[in-house]
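Novice: Here is my input, please return the structure:
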Amino acid sequence: MSPPPDQNDVANGDKVVPSALMPKTDGEMADLFRVLAENAPAMSRRVKSDVMLMDYRDYLKSALWRRIKKRVLERDKKTCQCCGGRGNVVHHRSYERDVMEGHNDAMLATVCNGCHDIIHFTDAGEGRSAAEADAVFVAGQRQTDIPPVGKIDLRSPTINYPGGIKRVTSLQFGLFLTAFRAAWRDQIAARKVFVEKAAERRAAKSAVASGSFKPPI
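Specialist: Predicted structure coming up:
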């Protein structure tokens, strides 16, 4: 059994480096730094290639993640596994090595932007714990309430997106688009009737002015 560390031993991560192994002279310290410098490129390459060491933002930009994401989106047919609408985001249910390296796609799922936000954050914007986030994912999102479409500007093809769109699920957004298109058609029809009536009034006024108007007997 190794002797317990003394007060001069140095902690190194989860290991303890015995004080007897630490550099004692300036020359030994210089040698230590030289070895570290020589190994720095290899260590840097490991950080850049090891999915558990690289920055998560770099991981999401990597060719590995692009392949994994494409595979999962195709598997799920770009359908949100939370609300059933259209999905374009791949959600991590786990960040273990096998998942990050692409060996466990069962812990990855296609979701929409709205569901992804709901999974990770509360209505107050506070981050959820991993367990809570997974529970929200498993429970699913089946909200069908949508905000009113409101008046549509027929001169502009731009859709009047509802407020708080970030937390609207793909299912809700699909329902909103359906309602928006119906309202658009209704306004177009109402506008057509208005234009036709206005044309009839102008024609009648013109006929009266020209004396050709014959009132019904």
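
Novice: Would you quantify the distance from Ala135 to Ser62?
Specialist: 29 Å (C-beta to C-beta, to the nearest Å). Using the backbone N, CA and C atoms, a C-beta is placed for each residue, glycine as well.

Novice: what helices or strands is the helix or strand where Lys205 lies leaning on?
Specialist: Element membership for Lys205 (DSSP states H and E) is helix 170-210. Helix 170-210 sits against helix 113-120, with contacts defined as 3 or more C-beta pairs under 8 Å, 6 or more residues apart in numbering; DSSP states H and E.

Novice: Recalculate using a threshold of 7 Å.
Specialist: For helix 170-210, there is no helix or strand it packs on, judged by 3 or more C-beta pairs under 7 Å, 6 or more residues apart in numbering; DSSP states H and E.

Novice: So, low pLDDT: which residues of this structure?
Specialist: Within the chain, the segments meeting pLDDT under 70 span 1-24, 26, 31-33, 35-48, 157, 160-166, 211-217.

Novice: and Gly150, backbone torsions?
Specialist: phi 80, psi -180 (degrees, to the nearest 10).

Novice: What of Val89?
Specialist: phi -120, psi 140.

Novice: same check, this time on Gly127
Specialist: Backbone torsions of Gly127, given as degrees, to the nearest 10, read phi -70, psi 140.

Novice: Show the contacting residues for Ile159.
Specialist: Phe180 (C-beta atoms under 7 Å, 6 or more residues apart in numbering).

Novice: My error: substitute Ala139 in the last question.
Specialist: Contacts of Ala139 (C-beta under 7 Å, 6+ apart): none.

Novice: Quick check: it vs Asn88, distance?
Specialist: Counting by C-beta to C-beta, the gap from Ala139 to Asn88 is 21 Å.

Novice: The residue sitting nearest the centre point of the chain and Glu196: what is the separation?
Specialist: The C-alpha lying nearest the average C-alpha coordinate of the chain belongs to Asn113 (C-alpha atoms, centre = their mean; 4.0 Å). Counting by C-beta to C-beta, the separation of Asn113 from Glu196 is 43 Å.

Novice: Do a quick rundown of the helices in this structure.
Specialist: 26-49, 56-61, 63-75, 97-100, 113-120, 130-139, 170-210 (DSSP state H).
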